[in-house]
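In: 3D, please:
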Amino acid sequence: MDQIHVKKRDTGIKAKRLRQLGMVPGNIIGKSLPESISIQMEEAEARRLVRQLREGSKIAIDLDTKSYSSTFASNY
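Out: You can find the predicted model right below:
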């Protein structure tokens, strides 16, 4: 299982500006979460995921001190 490190998204910065800064916005969603979590990751990390993983691959997402198990989905 691949592991990625992400940060909580700063909602004060628009997605277009985030991309200009080399970050990619995203969301973690699921039944086990009370609400979706907005995240941001480095563009290089996002590109690696899209290149190496197939849709539906299992990944571990490290966010702050928590780790989430997830399935990879891309709209790239």
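
In: Distance from the chain centre to the strand or helix carrying residue 50, please.
Out: In this assignment (DSSP states H and E), residue 50 forms part of helix 43-52. Remark: helix 43-52 is offset 10 Å from the chain centroid, using CA atoms, centre = their mean, to the nearest Å.

In: start at 14 instead
Out: Renumbered: residue one is now 14, and that last one reads helix 56-65.

In: Tell me which helix or strand comes right after that helix.
Out: strand 71-76.

In: List the buried residues in the next helix or strand after that following strand.
Out: In the C-terminal direction, the helix or strand that comes right after strand 71-76 (DSSP H and E) is strand 79-84. Residues of strand 79-84 classed as buried: 81, 83 (neighbour count, 16 or more other CB atoms under 10 Å). For every residue, glycine as well, the C-beta is placed using N, CA and C.

In: So which residue is smack in the middle of the chain?
Out: residue 39 (4.9 Å; CA atoms, centre = their mean).

In: Skip the chain neighbours and tell me the closest residue to that one.
Out: The shortest distance from residue 39 to any non-neighbouring residue, by CB to CB, 6 or more residues apart in numbering, is to residue 52 (4.9 Å).
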